[in-house]
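1. Next comes the sequence, and after it the predicted model I'd like to discuss.
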Amino acid sequence: MSIAPHFQHHIFVCLNDRGPSQECCHNAGAAALFEHLRVRVKSLGLAGAGRVRVNRAGCLDRCAHGPALVIYPEGTWYQPFDTADIDRIIDEHLLGGRVVEDLRIPPDDGETPAAPTPASGAA
């Protein structure tokens, strides 16, 4: 039996602040991008149960790629630099169903460890 997700797209935007001298999403302008995303999703009528939810997040462990956001259930990670990038993510990913490849943070970027694999020969 398959259970449908509560939201078609659930977006988490890292707003973590590690302080003024540390690399983090907050220092890369994430708050303004979060607000633009939230307002535009609402203005397009995309917000709500069964549709799109935009949430603030603490550290997503992608500081070197800040600002960072992730869209579930796909698990697609993005590094938007400005509001035009946010608009592209909305238009192309949320509305068009296509990953915005040039803004995508690759899953094998080396920053987030891969899931452990069983040792060979293990029973």
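-> On my side now, so go ahead.
2. so where's the chain shaky on pLDDT?
-> For the chain, the stretches flagged by pLDDT under 70 are 1-5, 108-123.
3. Tell me where the longest helix sits in it.
-> If you go by DSSP state H, the chain has its longest helix at helix 30-43.
4. which residues sit against that one?
-> With contact meaning C-beta atoms under 8 Å, 6 or more residues apart in numbering, helix 30-43 is reached by 11, 13-15, 47, 52, 54, 56, 66-69, 80, 82-83, 85-87, 89-90, 94. In short, each C-beta sits where N, CA and C put it, glycine included.
5. just the buried members of these?
-> Buried residues within the contacts of helix 30-43, counting neighbours by 16 or more other C-beta atoms under 10 Å: 11, 13-15, 47, 52, 54, 66-69, 80, 85-86, 89-90, 94.
6. For Gln22, the count of nearby residues, please.
-> Gln22 has 11 neighbouring residues, counting by other C-beta atoms under 10 Å.
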